[in-house]
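Peer 1: predicted model follows, preceded by the sequence.
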Amino acid sequence: MRLLAVVVLLASALAVCAEPMSGYAFLDASTRAMQDDEFENPGMVAVDRGAALFHEHREAEEYSCSSCHGQDGEGLDTAEIARYPVYDANLGGLVTLQRRVNYCWEIHMDRFPLTPGSSELIALETFVRNRAHGEQVNVQTDGDMAALLARGETLYNTRFGQLDIACQHCHVQHQGQMLRGQKLSQGQSNGFPEYRLGRGRITSFQQRLAECFVSFRAEPFEAGSEEADLLELFVSSRGNGLPIETPAVRF
Amino acid sequence: MRRCTSRLLFCLGLSLAGQTLAADGGQAYCAWEMQNLAIEGALCGLVGDAERGRKLAADSHGGNCLACHQMPIDEEPFHGTVGPPLHGVGARYSAAQIRLRIVDEQQINPMTIMPGFYRDPRNTNRIAGEFWGKTFLSAQQVEDLVAYLESLK
């Protein structure tokens, strides 16, 4: 009898896990409304800033981003954007959207590379990802990606810090429950970069990751580090099928 | 030469760090012993104070037990629902059983999210620098919480 109860519990827990849910589903109505209204959404400032950088044609330079990708990025393949992070053997393996943007910035435009997590790079990422708004997240999970995903998943389930807890504790085991005043979501990445009301700024996935690390008193993985990229990969693949919401609005 | 100096500094750093291997308040870490899923003796032989324990449970920079548990602390608006409510916990468990649950819940449930508030500080993975060598709560704070929870009949 007891065993049966455990089996039923496990099965229902798995059913919950199998169904990806955007952080949007955990928001109150007013925050949702703010995200949905293009004029109210404070994250649109970063989209505009990204657009300006996208067009910026510096003197004596041959190209801007828009020379190759169209004035408003209409040359960008939105289905391709929804596949990030991608596996690209030419670039040495795992490539996040930020790294791809930085690669174009450096190699095609011959500029000094931007620092991972810098506000320019996040603005450009926000602009590019916003082009694919509504497109379904579609991260590769087989082939070359399989081994990398397994490593990302291991990190996701590893206990860190003074509190000695893992991502899965809050975002799988206890999703939907209240952590003092905050409702725990699945910790999905489909809204990033997102605007954070509590911080008053646009935030990249890896910056959010660092905040979670700080909250359980662990040393965060640096933006652009292998571990942060692997976690971004695993979390993104967990959200396959969710619509891209960039820029989402969250607390 | 330069290498020697930096190695010397490194060793010095380690031994200094070794000395700070203590719980908050500078007190050395007191080893504890688990028997029958409980810790009989008070940590470092200290006596707890229930009133201080109550404050600590609500303090988001202290124990912050309210982050996960509902408790009879009605003046605080937000109580978490991650763990079970702690009303009447003193009637369900002895002080010794409560002590182990605060010190290291993973001894009871290896999968738990509940932090071990007085685990051996050397057994951590990627702890942030400022917390290195420290337990989450001091032995006195744990005893204060034990006294408070024990009073919740």
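Peer 2: Now that the structure is in, tell me what you want to look at.
Peer 1: residues near residue A:53, how many?
Peer 2: Close neighbours of residue A:53, defined as other Cβ atoms under 10 Å in any protein chain shown, add up to 18. (C-beta placed from N, C-alpha, C; glycine too.)
Peer 1: for it, helix, strand, or coil?
Peer 2: Secondary structure, DSSP: H, G, I helix; E, B strand; the rest coil: residue A:53 is helix.
Peer 1: how close does the closest residue to it other than its chain neighbours sit to residue A:98?
Peer 2: Once flanking residues are discounted, residue A:53 sits nearest to residue A:124: 5.4 Å by Cβ to Cβ, 6 or more residues apart in numbering or on different chains. As judged by Cβ to Cβ, to the nearest Å, residue A:124 and residue A:98 stand 8 Å apart.
Peer 1: kindly report the same for residue A:200.
Peer 2: 21 Å.
Peer 1: more neighbours: which of those two?
Peer 2: Neighbour totals were compared for residue A:200 and residue A:98, and residue A:98 leads with 28 against 8 (other Cβ under 10 Å).
Peer 1: just the C-alphas of the strand or helix carrying the more buried one, formatted as PDB.
Peer 2: Per DSSP states H and E: residue A:98 is located in helix A:97-103. Only the C-alpha atoms of helix A:97-103 are listed here, as PDB (Å, rounded to 0.1, in the frame of the first residue of the first chain):
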ATOM      1  CA  LEU A  97      23.700  33.300 -28.300                       C
ATOM      2  CA  GLN A  98      26.000  35.800 -26.500                       C
ATOM      3  CA  ARG A  99      29.100  34.100 -27.800                       C
ATOM      4  CA  ARG A 100      27.700  34.000 -31.300                       C
ATOM      5  CA  VAL A 101      27.000  37.800 -31.200                       C
ATOM      6  CA  ASN A 102      30.400  38.500 -29.800                       C
ATOM      7  CA  TYR A 103      32.000  36.400 -32.500                       C
END
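Peer 1: centre of the chain to it, how far?
Peer 2: Here helix A:97-103 is found 13 Å from its chain centre; the criterion is Cα atoms, centre = their mean, to the nearest Å.
Peer 1: show me what counts as buried in it.
Peer 2: A:97-102 (16 or more other Cβ atoms under 10 Å in any protein chain shown).
Peer 1: over to stretch A:111-124?
Peer 2: So for stretch A:111-124, counting by 16+ other Cβ under 10 Å, buried means A:114, A:116-117, A:121-124.
Peer 1: which residues touch the residue nearest the centre of chain B?
Peer 2: In chain B, the residue lying closest to the centroid (Cα atoms, centre = their mean) is residue B:117, at 2.1 Å. When contacts are counted by Cβ atoms under 8 Å, 6 or more residues apart in numbering or on different chains, residue B:117 touches B:63, B:102-103, B:135-137, B:141-142, B:145.
Peer 1: what's around residue B:88, how many residues?
Peer 2: Neighbours of residue B:88 (other Cβ under 10 Å): 11.
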